[in-house]
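Undergrad: attaching a predicted model along with its sequence, questions to come.
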Amino acid sequence: MMRLTRSALCCAMAMAVLALTGGAAAARAKVPPAPSPQALLLPAELSNVCEADPQALQLAMARHWQPSLNSLDQWTQLVRSFACDLSGSRDLGWHRVPLRAYESAIRYPLAWIETEIRNGKPRRVIRTYYSAAQLPPKIDFWVGGHIEEIRYDKRLRRIEARFPAAGSRAAGNGAASAVAVTQCASTTLQFRQQNGLWLLSGVEPNLEPHC
């Protein structure tokens with residue numbers, strides 16, 4: 001009798017453990033994966049932010065991301081100031097840009113992502129600037145008024161705009177500009193919100209070919 005009771009208890013405990021394990025596995029299966037950044041490829045008539053209708057650009061972004069992102073008008077003005085005040089409507093090639101002049105539009109810490117070649121292999125290096133005093137007077141990156149792609153990372157609440165260094169539009173001179181022409185380089189500007197305003201939070205000049 002005792003053996004039967006022990007056997008029944010063991011079976012009950014085993015079934016309880018299996019039920020708990022199965023429940024935990026089911027709970028894990030129900031957890032949705034982290035959303036990946038969504039990309040918006042702009043039509044030709046909107047890709048040049050210096051000349052395109054800003055309201056049409058905002059409308060295209062609002063339609064793409066539902067619910068719509070806040071302060072798209074302010075973000076558009078900010079992008080236009082970086083892309084067009086620095087370059088006009090032309091792409092200038094690799095250009096030394098005085099970011100300190102845009103102090104009010106920068107969100108610190110600012111991430112500067114560079115690619116260095118070490119032992120023949122490319123390696124991404126992130127430099128972090130915590131104030132304008134740490135920024136170099138001028139930094140090289142591609143300046144142009146064309147946006148190739150806009151990405152929104154919902155998890156990080158970050159907008160990225162990629163400015164391509166297309167060879168057909170390059171107007172710079174020097175060795176760095178020649179590299180940009182041959183490799184289709186780009187610069188990605190990252191923006192995050194702070195107190196309801198979009199501010200520049202990261203810059204990634206990229207010499208790797210992407211086109």
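TA: Looks like it came in fine. Numbers count the residues shown, from 1 in each chain.

Undergrad: nearest residue to the most centrally placed residue in the chain other than its sequence neighbours?
TA: Note on the chain: the residue nearest the mean C-alpha position is residue 160, at 3.3 Å, using CA atoms, centre = their mean. Using CB to CB, 6 or more residues apart in numbering and skipping the chain neighbours, the partner closest in space to residue 160 is residue 151 (4.4 Å). No exception for glycine: its C-beta is placed from N, CA and C like everyone else's.

Undergrad: quick one: residue 84 from residue 146, how far?
TA: Distance from residue 84 to residue 146, counting by CB to CB, to the nearest Å: 11 Å.

Undergrad: what's the pLDDT at the residue nearest to residue 65 when sequence neighbours are not counted?
TA: In space, and not counting its chain neighbours, residue 65 is closest to residue 152: 5.7 Å by CB to CB, 6+ apart. pLDDT, residue 152: 93.

Undergrad: which ones are touching residue 72?
TA: Contacts for residue 72 were tallied using CB atoms under 8 Å, 6 or more residues apart in numbering; they are 58, 61-62.

Undergrad: just the ones of those residues in strands?
TA: Among the contacts of residue 72, no residue falls in strands (DSSP state E).

Undergrad: make a PyMOL selection of the buried ones in the residues you listed.
TA: The following PyMOL line selects those of the contacts of residue 72 that are buried, judged by 16 or more other CB atoms under 10 Å:
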select buried, resi 58+61
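
Undergrad: mind listing which of the contacts of residue 72 are in helices?
TA: 58, 61-62 (DSSP state H).

Undergrad: circling back: would a markdown table of the contacts of residue 72 with pLDDT and distance to residue 205 be doable?
TA: Formatted as a markdown table, the contacts of residue 72 follow (pLDDT from 0 to 100; distance: CB to CB, whole Å):
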| residue | pLDDT | distance to residue 205 |
| --- | --- | --- |
| 58 | 93 | 27 |
| 61 | 92 | 24 |
| 62 | 91 | 29 |
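
Undergrad: more neighbours: which of residue 84 and residue 146?
TA: residue 146 (23 against 18; other CB atoms under 10 Å).

Undergrad: report the beta-bridge partners for the more buried one.
TA: For residue 146, the beta-bridge assignment (DSSP bridges) gives partners residue 48.

Undergrad: and the longest strand for the protein?
TA: Per DSSP E, the chain has its longest strand at strand 106-118.

Undergrad: past it, which element shows up next along the chain?
TA: Sequence order places strand 121-129 as the next helix or strand after strand 106-118, per DSSP states H and E.

Undergrad: and the ones in helices among the contacts of residue 72 as a markdown table, adding distance to residue 137?
TA: Shown next, in a markdown table, are those (distance: CB to CB, whole Å):
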| residue | distance to residue 137 |
| --- | --- |
| 58 | 34 |
| 61 | 34 |
| 62 | 38 |
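
Undergrad: tell me which of the residues you listed is nearest to residue 73?
TA: residue 58 (5.9 Å; CB to CB).

Undergrad: quick check: closest non-adjacent residue to the closest one.
TA: Nearest non-adjacent residue to residue 58 (CB to CB, 6+ apart): residue 72, at 4.4 Å.

Undergrad: and the one you found, what pLDDT?
TA: Value listed for residue 72 in the pLDDT field: 94.

Undergrad: any idea how far residue 139 is from it?
TA: 27 Å.

Undergrad: and the strands in the chain?
TA: 38-41, 93-97, 106-118, 121-129, 139-143, 149-153, 158-164, 186-194, 197-206.
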